[in-house]
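Asks: just need the structure, nothing else, for what follows:
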Amino acid sequence: MKRALVSVFDKEGILEFSNFLQNKGVEIISTGGTYKHLKDNGVNIIEVNEVTNFPEMLDGRVKTLHPIIHAGILAIRDNEEHIDTIKERNIETIDMVIVNLYPFFQKVREDLSFEEKVEFIDIGGPTMLRAAAKNFKDVVV
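Replies: Numbering: from 1, shown residues only. This is a model prediction of the structure:
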């Protein structure tokens with residue numbers, strides 16, 4: 001295992017787990033608040049936009065929804081065409097996806113505006129989970 005992508009809403013235990021991975025030599029990529037939390041606590045980490053060469057946008061709605069991220073997750077490791085394709089595009093594989101989702105069902109019960117509640121509909125997290133699940137032989141979730 002060489003590379004993990006970490007993107008969590010609930011950060012409980014993520015520092016310890018990230019340190020464990022780092023001590024095992026795993027490179028860690030992360031997004032927004034998770035990146036800041038881990039970086040501030042001494043984890044050597046790469047921000048996702050350093051990998052994609054594309055900034056987070058639309059108030060953080062678009063972070064991991066990028067071909068470089070999803071090709072890294074979805075590439076079948078024993079499929080020569082997949083490996084050749086990602087190598088041609090300088091894409092590295094992602095071997096582990098660590099995600100927990102926005103607490104939408106909890107937030108809809110809170111006294112928030114409709115617009116605030118909508119922001120708790122997670123897009124990137126479920127997309128990464130589904131991509132990793134599709135490539136379950138090569139990617140740990």
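Asks: which pLDDT value goes with the residue lying farthest from the centre of the chain?
Replies: Relative to the centre of the chain, the most outlying C-alpha is that of D111, 29.2 Å out, by Cα atoms, centre = their mean. On the pLDDT scale, D111 is placed at 83.
Asks: any idea how far it lies from K117?
Replies: For D111, the distance to K117 (Cβ to Cβ, to the nearest Å) stands at 10 Å. Using the backbone N, CA and C atoms, a C-beta is placed for each residue, glycine as well.
Asks: please apply the same query to T85.
Replies: Here the criterion is Cβ to Cβ. By it, T85 lies 40 Å from K117.
Asks: with E50 instead?
Replies: 32 Å.
Asks: give me the distance between the helix or strand of the chain with the lowest mean pLDDT and the centre of its chain.
Replies: Across the helices and strands of the chain, the lowest-confidence element by mean pLDDT, DSSP states H and E is helix 104-107, at a mean of 71. Chain-centre distance of helix 104-107: 21 Å, with Cα atoms, centre = their mean, to the nearest Å.
Asks: what of stretch 119-129?
Replies: The answer for stretch 119-129 is 10 Å, by Cα atoms, centre = their mean.
Asks: may I see the buried residues of it?
Replies: F120, D122, G124, G125, T127, M128, L129 (16 or more other Cβ atoms under 10 Å).
Asks: same thing with stretch 90-101?
Replies: Result for stretch 90-101 [16+ other Cβ under 10 Å]: buried residues I91, E92, T93, I94, D95, M96, V97, I98, V99, N100, L101.
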